[in-house]
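Colleague: Pasting a predicted model and its sequence here:
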Amino acid sequence: ELLSDEPTQWDSTYVMLNHLRILCPAISCYIAPNTKLSDYGLRSMEWQVLQDLEVILEVPHACQQSMSSESTPVLS
């Protein structure tokens, strides 16, 4: 399932890019035979840029996950 970016949750960008990378083969297979959609497919350099962004966002994502109230006890 493709996810969209949620502007109120910065972490959603990382999650969206992660899902997009996982679904890349399926998206490419769907777009390739359809000539009407071929203009909307990402080129290899564009996929690489998205993968680089995912790597960059992975660090703050891991930090946010480790500091979330679900994994760290907090006083309430």
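Modeller: Yep, that arrived. In this text the structure is predicted, and so the values were computed from the model without any measurement. Numbers count the residues shown, from 1 in each chain.

Colleague: so how far is G41 from E54?
Modeller: 19 Å (Cβ to Cβ, to the nearest Å). The C-beta positions use only the backbone N, C-alpha and C, and glycine is treated the same way.

Colleague: Neighbour count: these two, which is higher?
Modeller: E54 (18 against 14; other Cβ atoms under 10 Å).

Colleague: tally of neighbours for the closest residue to that one other than its chain neighbours?
Modeller: The spatial neighbour of E54 that comes closest, neighbours along the chain excluded (Cβ to Cβ, 6 or more residues apart in numbering), is L17 at 4.3 Å. For L17, the neighbour count with other Cβ under 10 Å is 22.

Colleague: OK, contacts around L17?
Modeller: L50, L53, E54, L57 (Cβ atoms under 8 Å, 6 or more residues apart in numbering).

Colleague: most centrally placed residue in this structure?
Modeller: L17 (1.1 Å; Cα atoms, centre = their mean).

Colleague: among the contacts of L17, which two are most distant?
Modeller: L50 and L57 (10.5 Å; Cβ to Cβ).

Colleague: so A62 is in which element?
Modeller: helix 44-67 (DSSP states H and E).

Colleague: coming back round to it: can you give me how far the host helix or strand of the residue nearest to the centre of the chain is from the chain middle?
Modeller: Using DSSP H and E, the secondary-structure element containing L17 is helix 11-31. Relative to its chain's centre, helix 11-31 lies at 6 Å (Cα atoms, centre = their mean, to the nearest Å).
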